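Undergrad: Next input, structure requested:
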Amino acid sequence: MPVKIRLTRRGRKKAPFYHIVVADSRAPRDGRFIESIGKYDPITNPATIELDFDRALDWLQKGAQPTDTCRAILSYKGVMMKKHLLEGVTKGALTEEQAEEKFQSWLNEKESKIQAKRDMLKKGTDAEAKKRLDAETKVREARAEELAKRNAEAAAEEAKANAKETEETSEAVEETPASPAGGAKVAEEVEPARPAGGANAEETKEAKPEEAPETVEETVKAVEEKAPEAENKPARPAGEDEAPKA
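TA: Residues are numbered from 1 along each chain as shown. This next block holds a predicted model:
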């Protein structure tokens, strides 16, 4: 029965991760498997790989055939390199010490490359974050400057309006007439109203009745003075009051 080292999919839509499994080649991709020897997450940068090194090497030595993706993963982790060195030891081309020394040298070099890539990614991430922070700082400064400018313009307009209002108030106070000298009332300067009928004040004064006599003797004297005037008047003929007949 052929055995394969392959991936089985897990995770939600658009966010997959995989298990590295040893399974029968006739089984479906996400079906039954013999053993799980690791995990693989391609979304992270660099990719996250968790692998049971010894079990993967053991299955390779037993003849398990990895798929293309699993072969790349095993090569990345050094399993394929270890298998190749052990085959050289079996053939007598290398001793176990030499094979182990070469493997450690290769592993250190690989780790240094991975670390350099991580440092580069982190540096790029930090630079990008700093760039975004600088851009946001410039935007905030521009907004603060614009706000300060608007506040200054509003304050200037308010001060100008207050000055104009004060000036108008001062002009109104200056135009107000002063009260008459000596405290005289304004009502005294108003022309007195004319009496009814349009008569002048002098005519009204002349039209006043004569003063009554103060004593009885003056009253009698006044009657005697008026009596001859009434006697001297001619009497009206009789029948003169009647109108002539036609």
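Undergrad: For the helix or strand containing Asp126, enumerate the helices and strands it packs against.
TA: Assigned by DSSP states H and E, Asp126 belongs to helix 96-175. The elements that helix 96-175 packs onto, with contact taken as 3 or more CB pairs under 8 Å, 6 or more residues apart in numbering; DSSP states H and E, are helix 79-91. Every C-beta, even on glycine, is put in place using the N, C-alpha and C of the backbone.
Undergrad: got a list of contacts for the helix it packs on?
TA: 51, 53, 56-57, 60-61, 71, 74-75, 94-96, 99, 102-103, 106 (CB atoms under 8 Å, 6 or more residues apart in numbering).
Undergrad: what's the answer for stretch 159-176, then?
TA: Stretch 159-176 is contacted by no other residue when judged by CB under 8 Å, 6+ apart.
Undergrad: how near is Glu100 to Lys91?
TA: 16 Å (CB to CB, to the nearest Å).
Undergrad: neighbour-wise, which of these two wins?
TA: Ranked by neighbour count (other CB atoms under 10 Å), Glu100 and Lys91 place Glu100 first, with 14 against 8.
Undergrad: Next one: that one from Lys77, what distance?
TA: Counting by CB to CB, the gap from Glu100 to Lys77 is 17 Å.
Undergrad: cool, and Gln104?
TA: 14 Å.
Undergrad: In terms of neighbours, single out the busier of the two.
TA: Lys77 (18 against 11).
Undergrad: my read: the more buried one touches Leu51, true?
TA: Yes: Lys77 is within contact range of Leu51, at 5.1 Å (criterion: CB atoms under 8 Å).
Undergrad: tell me the contacts of Glu158?
TA: Counting by CB under 8 Å, 6+ apart, Glu158 has no contacts.
Undergrad: Quick check on the contacts of helix 79-91: which are buried?
TA: Neighbour-count burial (16 or more other CB atoms under 10 Å) applied to the contacts of helix 79-91 gives Leu51, Ala56, Leu57, Leu60, Leu74, Leu94, Ala99, Lys102, Phe103.
Undergrad: so can I have a markdown table of those showing pLDDT and distance to Lys123?
TA: As requested, the buried ones among the contacts of helix 79-91 are exported to a markdown table (pLDDT from 0 to 100; distance: CB to CB, whole Å):
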| residue | pLDDT | distance to Lys123 |
| --- | --- | --- |
| Leu51 | 91 | 28 |
| Ala56 | 92 | 33 |
| Leu57 | 92 | 35 |
| Leu60 | 91 | 37 |
| Leu74 | 92 | 30 |
| Leu94 | 83 | 39 |
| Ala99 | 88 | 36 |
| Lys102 | 89 | 32 |
| Phe103 | 89 | 30 |
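Undergrad: What separation do you get for the closest residue to Ser75 other than its chain neighbours and Ile114?
TA: Ranked by CB to CB, 6 or more residues apart in numbering and with sequence neighbours excluded, the top spatial neighbour of Ser75 is Met81, at 7.2 Å. Distance from Met81 to Ile114, counting by CB to CB: 15 Å.
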